[in-house]
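Provide a 3D model corresponding to the input given below.
(chains A and B)
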Protein chains: 2
Amino acid sequence: MLERFKPKPEDATRVSVESLREVVSAIFEKMGVSGEDANEAADVLTMTDLRGVETHGVSNMLRAYVDQYNSGQVNPRPNWQIERETPGTAVINADRGLGIILGRRAMDIAIEKAKTVGVGIVTMNNGGHLGAVGHFSMHAAKNDMVGMCATAAGTGVLPTFAAEPRFGTNPISIAAPGNVEPPLLFDAATSQIAGNKFSLAKRVGSDLLPGWIADGEGTPIMEETPVPEEGWYGNLLPLGGTRENGSHKGYGFMLMVEVLGAFLSGSVPGMFDTEYFESGYKHYFAAYNIEAFTDVDEFKAKMDRMLQMLRETKPAVGQERVLYPGLAESEDEKDRRANGVPLHKEVMEWFDSMVGELGVPALKTM
Amino acid sequence: MLERFKPKPEDATRVSVESLREVVSAIFEKMGVSGEDANEAADVLTMTDLRGVETHGVSNMLRAYVDQYNSGQVNPRPNWQIERETPGTAVINADRGLGIILGRRAMDIAIEKAKTVGVGIVTMNNGGHLGAVGHFSMHAAKNDMVGMCATAAGTGVLPTFAAEPRFGTNPISIAAPGNVEPPLLFDAATSQIAGNKFSLAKRVGSDLLPGWIADGEGTPIMEETPVPEEGWYGNLLPLGGTRENGSHKGYGFMLMVEVLGAFLSGSVPGMFDTEYFESGYKHYFAAYNIEAFTDVDEFKAKMDRMLQMLRETKPAVGQERVLYPGLAESEDEKDRRANGVPLHKEVMEWFDSMVGELGVPALKTM
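Okay, here's the model as predicted:
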């Protein structure tokens, strides 16, 4: 994550991981979620914060989930069901259950299928927010699989040359295991930046960079610009930013996620919705059983070698080092397990208010 | 494709599709390829030119293939074999056969598996160049499947912040069918531009745009710059161009293709090669049987509706219209079937030289 999105150290309080997990789980239970599901949600969210993905951890998402339970937009006791199934595929109707709770179960089904027929694809319609899609890809990687996960929802991003939004930020992820190196974990919105980066930028007082959003007429804004009070969702540009810089490719990747998530789950793309997020979130989970393709030990040894080569690649002039996707996340996790998860003061205030409002325990600072 | 890559009309001669296919097939036979395989190669290459993808059609690739057959880098009579197989997956050793000839057969195997278990994944190691990866995704789409295809090879592209190249241009594609609209067909290099764009830019005399390549020390060149005489391969930037503009996402997509193509075919990434293209081209083919996921007719009707919505989206100020991936290609195909395929005068000269050198028929102009 760019430095501009990170909370300034003086604005952040470090809280213990155990305390965070406990309080988050208690909040979910207060929303009517079962104990088992509340623990699952807390695991996913705290793991996301441990990896340094503040956009999708407790700071940014938990409040939204509480609002969604309160408004009835998500279902705390979903009766999710498999609607269609073959040996290698399954389509799940999530009954408006939150994706962060149902995602691992969907990936588990994909993994079981991959053990039998080499690959498993599970799609999910009528779902709630999935959080960081990389989390579920990682779940497959921990089971000696290559995992992929993507989610399609909403209409906030402009196609290339367009003045009207047609896509969600449609993130996609892949994870693959090594033995020694921290695993490869790539997870990115196919728009220039994730939607949650706007609230993060606003909270830490950062401007947006050139080519991230367009003006009201669809023209990319090519200078630094403050976060608009409203209207940024709908003016987001696809990865690339401008046509000359490859936004037609970002546009294509947005469509790829729409096909895998919305179309292959039997749902509709967000652009068909007449009401805000009417068709819900549509998810895609893929597990490739490494053993079906090659020797698992060889795969992991080669993965280690590649990841090591990448982080030892000679950096460009003025750059400190070359990262690979998943490396900084793994370093953040080590730091945060030892020293606690940094939460912005605004987020701490919200947790404090929940103590009174819901009667959940207070967070323990480090 | 950007206008800057297209040959000027006064430099182009239109040749008939039938004649082009016939001459290309004859050239492949002269290389020692069987009649059936030569026809397959000619079909793939002329179809690519019909779709307007000059980078990967006869203009740019045929000469390279002829050189590769002559030097023994590719095998005209490959004894390709399935090395590992499950109901949903297969790994093929291509025995250095050209990907454009073996690609459809690999996708056919994926399609057959998808008919049985819902999804089919076929990877191919030890291969030759695959041409336009979208061609094979389209083959799946014509069989009521969602098709994906990708290929990993070489080391010409810099990871974000790096001064040494680690990846090929690693293109990826997806295709999905509608009923009425031209099909969705997305096919893009995960680098800023495809490698073949350099020879195209040089031929038509265009400069490179800011953020497409880096200098010798890994710093992105942020102004227009002439095509370097040499050294562009190795200084290509990932999709996004700069870190601020999302090049870490392009980098992630390059890695995604490396995992799907090189790792899942049991091969190695190009960065391990000690000799130029030693590990060959590594390919990935995926077929998703739409029927396994949802009703085929509904899928196609929704696809038509989405594609229509996209091309009828209000354009940004100053833009003529909004395209979707596959639309311009379909329009080019219609035009070229009727009026012939435009070939640059340099390409025509090469074909003329082949008449004498190989004794193949001359091209018929329109």
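
nearest residue to A:Ile26 other than its sequence neighbours?
For the record, residue A:26 is Ala, not Ile. Nearest residue to A:Ala26 in three dimensions, chain neighbours excluded: A:Val360, at 4.1 Å (Cβ to Cβ, 6 or more residues apart in numbering or on different chains). Bear in mind the C-beta positions are built from the backbone N, C-alpha and C, glycine included.

which SS state does the one you found fall under?
coil (DSSP: H, G, I helix; E, B strand; the rest coil).

can you count the residues close to A:Gly266?
21 (other Cβ atoms under 10 Å in any protein chain shown).

need the pLDDT of it.
The score at A:Gly266 is 98. That number is its pLDDT.

same question, A:Phe198
Note on A:Phe198: pLDDT of 83.

ok, A:Val257 next?
98.

how close does A:Pro87 sit to A:Met354?
45 Å (Cβ to Cβ, to the nearest Å).

actually A:Lys6, sorry about that
24 Å.

and these two? which has more neighbours close in?
A:Met354 (22 against 17).

what sits against that one?
A:Met354 is in contact with A:Val23, A:Ile27, A:Val360, counting by Cβ atoms under 8 Å, 6 or more residues apart in numbering or on different chains.

so the last one sits against A:Ser25, correct?
Read it as A:Val360. No: taking Cβ atoms under 8 Å as the definition, A:Val360 is not a contact partner of A:Ser25, at 9.0 Å.

need the contact list for the residue positioned nearest the centre of chain A.
The C-alpha lying nearest the average C-alpha coordinate of chain A belongs to A:Ala132 (Cα atoms, centre = their mean; 1.9 Å). Residues near A:Ala132 by Cβ under 8 Å, 6+ apart: A:Val44, A:Thr48, A:Arg51, A:Val53, A:Thr55, A:His56, A:Gly57, A:Ser173, A:Asp187.

try 7 Å this time
With contacts defined as Cβ atoms under 7 Å, 6 or more residues apart in numbering or on different chains, A:Ala132 is in contact with A:Thr48, A:Val53, A:His56, A:Asp187.

A:Val360 and A:Ser25: which is more packed in?
More crowded of A:Val360 and A:Ser25, by other Cβ under 10 Å: A:Ser25, with 22 against 19.

how close does the more buried one get to A:His344?
Distance from A:Ser25 to A:His344, by Cβ to Cβ: 21 Å.

do A:Met138 as well
25 Å.

what does A:Thr242 give?
32 Å.

repeat for A:His139
From A:His139 to A:His344 the distance is 28 Å (Cβ to Cβ).

could you pull out the strands for chain A?
A:12-15, A:81-86, A:89-93, A:119-127, A:145-152, A:172-176, A:184-188, A:281-289, A:341-344 (DSSP state E).

looking at the ones you listed, spot the one closest to A:Leu237.
Nearest to A:Leu237, of all the strands of chain A, is strand A:184-188, at 14.4 Å by Cβ to Cβ.

now the closest one against strand A:145-152, angle please.
Here strand A:184-188 points in a direction 10 degrees away from that of strand A:145-152 (axes from the mean of the first three to the mean of the last three Cα atoms, to 10 degrees).

so what secondary structure elements neighbour strand A:184-188?
In terms of contacts (3 or more Cβ pairs under 7 Å, 6 or more residues apart in numbering or on different chains; DSSP states H and E), strand A:184-188 is packed against helix A:134-141, strand A:172-176, helix B:247-257.

want to throw the ones you listed into CSV with distance to B:Met145?
Below are those laid out as CSV (distance: least, Cβ to Cβ, whole Å):
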stretch, distance to B:Met145
helix A:134-141, 23
strand A:172-176, 20
helix B:247-257, 20
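
tabulate the ones you listed (a markdown table), appending mean neighbour count and distance to B:Ser71.
Below are those laid out as a markdown table (neighbours: other Cβ atoms under 10 Å in any protein chain shown; distance: least, Cβ to Cβ, whole Å):
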| stretch | mean neighbour count | distance to B:Ser71 |
| --- | --- | --- |
| helix A:134-141 | 28 | 40 |
| strand A:172-176 | 28 | 34 |
| helix B:247-257 | 27 | 26 |
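
report the closest residue of the stretch 251-366 of chain A relative to chain B.
A:Ala316 (2.7 Å; Cβ to the nearest Cβ).

should've said the stretch 151-300 of chain A
Closest point on the stretch 151-300 of chain A to chain B, by Cβ to the nearest Cβ, is A:Gly218, at 2.7 Å.
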